[in-house]
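[1] I need the structure of the sequence given here:
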Amino acid sequence: MAEEPVLVLVTGAADLLFLLQVVVVANPANTNALILKEYAPSIPEKNITCLTRLDHNRALGQIAEKLKVQVSDVKNAIIWGNHLSTQYPDVNDATVNTPSGEKPVCELIKDDAWLNGEFIATVQQRGAAIIKARKLSSALSAASGACDHIRDWVLGTPEGTWVSMGVYSDGSYNVPAGLTYSFPVTCRNGEWTIVQGLPINEFSRKMDATAEELTEEKALAYSCLS
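    Numbers count the residues shown, from 1 in each chain. All right, here's what the predicted structure looks like:
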């Protein structure tokens, strides 16, 4: 019988020596995952991820609300970068299932001002808005996102669908290698793979700003640990 994967949701300090697969949630999630990778070398780097599925789900939700469709009809949004407010929510390759077939989000929402402004800001600031309104964090949404993240990692993403996961960068899309950065990924047989070859327009190079923030976070964290 094949060995079942062990997945652990990390919300704080824990003994991680013998764990096989990890998703880090506690902010700064990307840099916490990177530190774990550096200081727990017994865990393969491909087995350490951080949660950006919460942001991914929020992006899908905003598009569904705008178009008055079910969230399940929207797919292939991307969260690039950090699980903080510099993240770049990207729907240039996202599609919506309509009665006449799949249609690009940008074709259905003919409102560049909204897509490039309010939509991005809402996804980036959604967590802060919830805390301001409720005086509490969006813990249930984070838990739901973690469940989605783990389910797709273990069971695989549906054919033709990708999701956003914070993973160890290999230099794809000119993101500096050595960061934990959110990319579009597909999952199969318990492993994730960064989706390659997506066109990146000039506006979408906003993803570089979040990489710069993560580079600064990394430098600061390492200076404290050294």
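[2] okay, CA-based contacts and neighbour counts for the rest of this
    OK.
[3] list the helices and strands the helix or strand encompassing residue 65 packs on?
    For residue 65, the element it lies in under DSSP states H and E is helix 53-67. Secondary-structure packing of helix 53-67 (3 or more C-alpha pairs under 8 Å, 6 or more residues apart in numbering; DSSP states H and E): strand 74-75, strand 78-80, helix 119-134, helix 139-155, strand 163-168.
[4] what about the longest strand in the chain?
    When the chain is parsed with DSSP state E, its longest strand is strand 180-188.
[5] in that one, what counts as buried?
    Across strand 180-188, burial judged by 16 or more other C-alpha atoms under 10 Å covers 180-187.
[6] could you tell me how many residues sit around residue 198?
    Here the number of neighbours of residue 198 (other C-alpha atoms under 10 Å) works out to 10.
[7] circling back: now do the longest strand of the chain, average pLDDT.
    For strand 180-188, mean pLDDT rounds to 98.
[8] need the next SSE after it, C-terminal direction.
    With DSSP H and E setting the assignment, the helix or strand that follows strand 180-188 is strand 191-194.
[9] rounded mean pLDDT for that next one, please.
    On average, strand 191-194 scores 97.
[10] that one pairs with which strands?
    When pairing is defined by DSSP bridges, strand 191-194 lines up against strand 180-188 (antiparallel).
[11] got the phi/psi numbers for the spatially most central residue of the chain?
    Nearest to the mean C-alpha position of the chain, by C-alpha atoms, centre = their mean, lies residue 52 at 2.9 Å. Dihedral angles of residue 52 (phi, psi; degrees, to the nearest 10) stand at phi -120, psi 10.
[12] going forward, the N-terminal residue is numbered 57.
    Sure, I'll start counting at 57 from here, so that last one is residue 108.
[13] report the rounded mean pLDDT for the helix holding residue 121.
    For helix 109-123, the mean pLDDT works out to 96.
[14] can you get me a residue count around residue 128?
    Other residues within reach of residue 128, judged by other C-alpha under 10 Å, total 11.
[15] what's the angle from the longest helix along the chain to strand 236-244?
    When the chain is parsed with DSSP state H, its longest helix is helix 263-281. Relative orientation of helix 263-281 versus strand 236-244 (axes from the mean of the first three to the mean of the last three C-alpha atoms, to 10 degrees): 110 degrees.
[16] tell me what helix 263-281 is packed against?
    Contacts defined by 3+ C-alpha pairs under 8 Å, 6+ apart place helix 263-281 against helix 85-95, strand 236-244.
[17] having no further points to raise, I will conclude here.
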